Structure formats: structure tokens, C-alpha cells
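Peer 1: Model the following, please.
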Amino acid sequence: MPFDLAPRPAQQEARGPHLTALESAAEGFAAPHPYLLFDAAAVPRIRDRARANPLLRTQFEKALRDSRLPSEGEEARAALKRRARRLITLSFMALLEDSDAAVAAARRALRGFTEAATWSPRPIVKNFLDSAEAAVAVSLAYDWLYGILSVADRRSAEAAIWRHVLDPAIAAYRDPSLLWPRRRDNCTLVSHAGIAIAALAVLPRFRDPAVELLRQSLASIWRIFAAFDPDGGWPEGPSYWSLAVRYAGLVIAALESSLGDSFGLADRPGFAQTGDFPLYASGPFGAAFDFADSARQVDPSPLAWLAHRFGRASDGWLVEGYAGSHLPLTTIWAEHPSCDPHGLGLPTGKVFKSSSLASFRNTWSRAEDARPVFLAIKGGNAAPGKGPSSAPEDLLMHLQADAGSFVVDGKNSRWVIDLGADDYDLPGYFDHGSERNPGQRWRYYRAQTAGHNTLLIDNENQRANAPAPIIGSCVEGDCKWVVIDLSAAYGRPPGSIRRGAALIARDVVIADEIDPRVGGDVVWRMHTSAEPVSIGRSVARFRLGEDRLTARILEPRGARFRLSSPPPARSFAVADVEGLHGRRPARDHRIEIAELPRRDDSRGRRAGGRLVRRLDIIWPRGARRLTVSLSPDSNGDGPLLPVAPLDDWLARRPIRLASCPPPRIRQPSRQSRRAERGEGERLACSVQTHASAITRIDKDRSGRKH
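Peer 2: Below is the predicted model:
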């Protein structure tokens, strides 16, 4: 079946994957099944590893019992993922075991997909995300079970792969009006990877269209891999890193196991080092920096293939003891080196220029007596050196207006938190709009600048797709630091607004500088779920159990803390249920969907924990620089921390404990001048009253305890 598309220019092909080698390898391909991820020669070794893993046996037995179809109350995507993972588990064990029960269950699970009317149950999803995840499961099952399946079952699987993946992919790649094939986010990477793996699975059956789909999908994946350059970071946060890299690893492993080559993908800059991203983006008790729409829990399973393919011991260490739903895949690549970061002598700080992320810690030890502290801070959401892009294919759907936001962990707790994602079914949650006409996404607190640990200027959102580059850093010794230029995120000239973040021994310092020509009302903000103990003018104390946090304003003298609560969560009516990402309401049922509560996460439950509060500083009139220290697991009674201009940081001058020269005057807005007189007295009174009440409660509790 011929499938011809317009050829790419030779210069563009030279910069992309090795397509000539791909065509040569595919032309005579006639390998016996299995050939996806491993071949028949590897089966005995994998079988031995599987038999030695009781966790895999438990997962297999659970998969045998779980034959549920999607239920009325189950989210569409959750049901699809559950069934796809079950099919992979059953097919894997049916190949490895001489078990009639495993074979029968795997064949039934495969028929559940091949006889389905659609592999994309969510009308709102316009890309191949759902179909691709189903396609990978069906393709692996078809390949691994090929010698067990009847001819009718084989033909049914081949027809389903053609109907649900190859044929619509041909139409999608031919249609220049479609946006999703040109996008660069995790969903698009999964989509192209699923198409490529499906094409490999049926390559001998549909050779011509399969080869051309491989050409198209690999060229698209090549472009997306530019996000890893130069150091392996990922702009959509650690949990979406996991999804993206899982499918990146699967498609490369499938290419290498079947055609013997990755055609340049595995050699893309930064990709071999991408395991550093979840390592450095997670704190001492395993919680990741949940920026963008990411989550604190990160599935480390992609690291098994990375450790196996690139021989990276730190990747192997992170995936040790894995017991999640992708256990069959980690069993395939269980032979890999493993060593903890301390044993490898890895530095305790790293800067990812690919995603404008800096991560610092005082120790790799997770022991409480080591008193670990973790600081992570992010810049902007566009590639360094590029201005805000208005091209829709460059927009990453999960980005938030969070340039300059940071988190801080102590030995047991996250003291400064990121609220993470909100409910994806909120109306227009992924509607970014444009700079002139902002979309509905920006009315939700968790996506707004106001909902992050950064500077809020005139109560307006940042430009979410603007660059905020790292302009200087140091990751060595007991004083690690980074300076980020936030100017473009606020629509200001370069150098107008800069934020420095440092970890000095166990203390965190956040230093902000604003050019005097930048007017407007500025609020310094951080979010915490810790219980306030006392809120003074320049010192605020919090606690979580027996642990303590002290925040202190180091400069300027007129700055003062203010404690407040975020605005309450709101509810929104949803009339078009076709626009829902997860829920399955009746088609004629109008529903209300609420923002998540302003609460911290708790034991894996989203927004199911402690109340969240905001610690603010109203930027004082006449101040150019504001510096705050945070002392986790401490009463804040340590030595005086250094205060220095950010230019001194960038010049790497010696740390000084003396006070800074008087700052230049930054002109406030007219509105702030009018309001400042009354606002000063009101805030002072409010803070003092609040602090007194908290202190009184603290004393009462202390008295009752003793």
C-alpha cells in the first residue's frame, strides 16, 4: 500500500534523524517475533529475573483477577491506563510462563482492545495521547504473543492497529492544518512514540505506510528532543518528565531491538543525562518540585532503561526496589549499575539550563541527623535566548505563570510549597489564550502568578511563555547560588528584575532587585502549610510537629511580613461534558466543578492536607533590593547571613557579612503613594494582632502540654 508524502528538504533531513539508514534497515526487515524491546534470545534471562521477583508475581496475580471493563464512575483516562498496563503485564507473563491461565487472560485482554470501537475515549483530546498508550500495549502484546495467538487473533490485532493508529496517523501527518503533530510537549512525544512502535509491530504486514510513518514520527520526536539540550531537563516538571521519557525510552528501545539503531535519537544532546533531572528535582524525603502541572510523586520506572542503556549508576539507584505498575518493563532492563549519589561523589547542586531550573542541597543523606535542606527554584518557560513565542506549536499546555518560584524542604517536611495543578476538568483549564486576550486558565489561582512563590507586580500575571534565563550560578562548596533574570516574564527590559537564590550551609537566602524605573506595587510572596507560631515585623516563625522554620527579612529595614489566606476556591458550571478530561457524567447532566481546596497534599492525596497560608512582604517605597532568609528545622538563631548586591554574586566576590550600601530609590506608583499612609498603620495593626493571638495560643498549648 503506497504512502507518499512531500519529501523534506535535504538540509532539514541532515539535521534530523538518519532517515536513509532507517529506510535501508526497514527495507529487508524480516525478524521473527518477539522483536519489540527484546528478542527470543533474551527471554531466558528475563524469565530468570521475573521468577526471582515476588513483586512481579503479586502484580501478575492481581492482573489475573482484575478483568473489569471501564465502569460508570471511573475516569476515562484512568480506565484506559489500567487496562493497557494490565495487558502488558499479562502478555509479559504469558510469554515467560507455561501457564494456560496467563495465555487465556492475555488473549481476552487483547481482544478487549481489538474489538473496541475506539482507543480514544475522550472527545476533548485532539492528539494521539490515548490511542498511542493503547497502541503501545496492543503492539507489545501482539509481538510477544505472536507465536501463541491464532491466525484470526493476529489478523484482528493487525486490523485494529491499522484502524486505530496507522490510518488516522497517515491522515494527521498529511493534514497541514492539524496542530498537534507540530507541538513539543509530553503528549505529542507520547503520540509520536505510540505511532512509531505500532508501525514497528506491523512493519512486515504494512511495510510502505509503516516506513513512512516511522519517518514522520521520528522526525517529530527529534524536534521534541531539543528540550533535553544541553543537560537533560524537562520544562513541564518531573512527573511529566516521567511520562515523556518513558515513551522516549520505549521507542528507542523498540528501534534498537528491531532495526538495530536509534537513528540518532539516543545521541541527542542532553538525553543520556536526563536521569539527573528527577534526581536533582527531588528533595530529601522524595518529594519533587511540582512546578507547572506536575506532581510531587514521580514514577521512576523510565530510569531502568536509562541505566541499562547508558550505564548510569545514579539512574539505577533511583529505580531500585521499584514496585509500580510498570514493573514488567523495569524487569526487562533490570541488569544495570547502581550507586547512590554520595558514593558517586555527585555535586550537591546542579543548574539545568534546558529548563532554567536550579537545585541545591547541603547533603545527599536522607537521615534526620544529617539535617538535610533542599532548595529548588525555576526561571522562565521559554528557551534561553528566545523571546516569548506566539506560535501555537511552541506553547506547552502545562505551563503556569511561575517564573522565579521556589520550594524549600527540611528533613521531614516541605516548608515552602508549590500548590501544583488544579482539576483538569475546570472550564478552559488548558485555554491559554494570548497576551492580548488571556484564556480561562489564568483565572485559576494555582496557575496564576499570585498562586506562586515569586514577585507579584500590580497583581498581574507574568507572561507564562517568556524566558527567564539563569545568568549566573555556583554549585560548589557551602555557598551555592543562582541569579535569574525575571524581566521578560514581567514584560520589562533585560536586567530590570532579578532574583537570586542561595543555600548557605543550611540557610536559604532569596534576594530580589528591581530597577528604579520599574514602577508599580510589588508583593514578595511564599506559600506554606506550616502552622504560624509568631509573625513579627521582620521575623516570622512556623512549625510542623516538632520542626521549626524561621523567616527573616534581612533588608530593607522598612519591610514587614504579612500573613494571609489565599482566596477561597470557586465553583464553575460545565455545560459541555464533551470537554471533560476525566469525568464520565451523563451526557445531559450539567455539573459543577470546583477548584481544589487551598490545602497541601497529604500522603498522595491532592489538596487533602493542611491549610495553606501566604507569607507576604509589601515592597517598601524607595527600596531597590529585598532580601529574605529562611532557616528550616531551626529557630533562626544562627550567625548573621550575608547581604550583598546581586552584582557581587555574579562577580563571585567574597561573601560579606556587613550591610550593603544604600540602595537607589525605586519610584512607587501613584496608587501606592495614595494608599501607603493608611495601609501602613492597618497592616502593622493587623500583623501585631495576629501575632499576639498566635503567640497566646502557643503559650496555652505549651502550658497544657506540661
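Peer 1: Which residue is the nearest non-sequential neighbour of the spatially most central residue of the chain?
Peer 2: In the chain, the residue lying closest to the centroid (CA atoms, centre = their mean) is Gly237, at 1.9 Å. Leaving out its chain neighbours, the residue that sits closest to Gly237 by CB to CB, 6 or more residues apart in numbering is Ser294, at 2.5 Å. (C-beta placed from N, C-alpha, C; glycine too.)
Peer 1: which residues touch the one you found?
Peer 2: Glu236, Gly237, Pro238, Ser239, Tyr240, Trp241, Ala288, His398, Gly420, Ala421 (CB atoms under 8 Å, 6 or more residues apart in numbering).
Peer 1: now with 6 Å?
Peer 2: Contacts for Ser294 (CB atoms under 6 Å, 6 or more residues apart in numbering) come out as Gly237, Pro238, Ser239, Tyr240.
Peer 1: and if you look at Tyr146?
Peer 2: His33.
Peer 1: and with 10 Å instead?
Peer 2: Neighbouring residues of Tyr146 by CB atoms under 10 Å, 6 or more residues apart in numbering: Pro32, His33, Pro34, Tyr35, Leu36, Leu95, Asp153, Arg154, Ala157, Ala201.
Peer 1: Grab the two from the contacts of Ser294 that are most spread out in space.
Peer 2: Pro238 and Tyr240 (7.5 Å; CB to CB).
Peer 1: And the two? Which one has more around it.
Peer 2: Between Pro238 and Tyr240, counted using other CB atoms under 10 Å, the more crowded position is Pro238 (27 against 23).
Peer 1: Give me the pLDDT for that one.
Peer 2: With respect to pLDDT, Pro238 scores 97.
Peer 1: pretty sure it contacts Asp290?
Peer 2: Yes: Pro238 lies in contact with Asp290 (CB atoms under 10 Å); the separation is 7.4 Å.
Peer 1: Now do the shared contacts for these two.
Peer 2: Shared contacts of Pro238 and Asp290, defined by CB under 10 Å, 6+ apart, are found at Ala281, Arg296, Gln297, Val298.
Peer 1: Let me see the contact set for the last one.
Peer 2: Pointing back at Val298 there. 237-242, 277-278, 281-282, 286-288, 290, 318.
Peer 1: Now, of these, which are buried?
Peer 2: Among these, those classed as buried by 16 or more other CB atoms under 10 Å are 237-242, 277-278, 281-282, 287-288, 290, 318.
Peer 1: Can you redo these as a markdown table, where the extra columns are distance to Ala41 and secondary structure?
Peer 2: Below are the buried ones among the contacts of Val298 laid out as a markdown table (distance: CB to CB, whole Å; DSSP: H, G, I helix; E, B strand; the rest coil):
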| residue | distance to Ala41 | secondary structure |
| --- | --- | --- |
| Gly237 | 39 | coil |
| Pro238 | 36 | helix |
| Ser239 | 35 | helix |
| Tyr240 | 35 | helix |
| Trp241 | 32 | helix |
| Ser242 | 30 | helix |
| Phe277 | 33 | helix |
| Pro278 | 32 | helix |
| Ala281 | 37 | coil |
| Ser282 | 37 | strand |
| Ala287 | 41 | coil |
| Ala288 | 38 | strand |
| Asp290 | 42 | coil |
| Leu318 | 29 | helix |
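Peer 1: which intervals of the protein have sub-threshold pLDDT?
Peer 2: Along the chain, the model assigns pLDDT under 70 to residues 1-14, 69-73, 383-390, 584-589, 653-706.
Peer 1: if we go to 50?
Peer 2: Counting by pLDDT under 50, the ranges of the chain that qualify are 1-14, 384-387, 654, 656-706.
Peer 1: so where do the helices sit in the stretch 301-450 of the chain?
Peer 2: For the stretch 301-450 of the chain, the helices defined by DSSP state H, counting those that start in this stretch occupy 302-310, 313-318, 327-332, 341-344.
Peer 1: Of all those helices, which one comes closest to Ala488?
Peer 2: That would be helix 302-310 among these, by CB to CB, at 32.0 Å.
Peer 1: so what's Tyr240 closest to, chain neighbours aside?
Peer 2: Asn186 (4.6 Å).
Peer 1: contacting residues around that neighbour?
Peer 2: Shown in contact with Asn186 (CB under 10 Å, 6+ apart): 129, 224, 227, 234-237, 239-248, 396-398.
Peer 1: What is the subsequent helix or strand relative to the helix or strand that contains Phe572?
Peer 2: If you go by DSSP states H and E, Phe572 is part of strand 571-574. With elements assigned by DSSP H and E, the helix or strand that comes after strand 571-574 is strand 591-594.
Peer 1: From the contact counts, what lies against that following strand?
Peer 2: strand 571-574 (3 or more CB pairs under 10 Å, 6 or more residues apart in numbering; DSSP states H and E).
Peer 1: Okay, and the beta partners of Glu513?
Peer 2: Arg498, Arg625 (DSSP bridges).
Peer 1: Can you give me the end-to-end span of stretch 493-509?
Peer 2: Using CA to CA, to the nearest Å, the end-to-end distance of stretch 493-509 comes to 25 Å.
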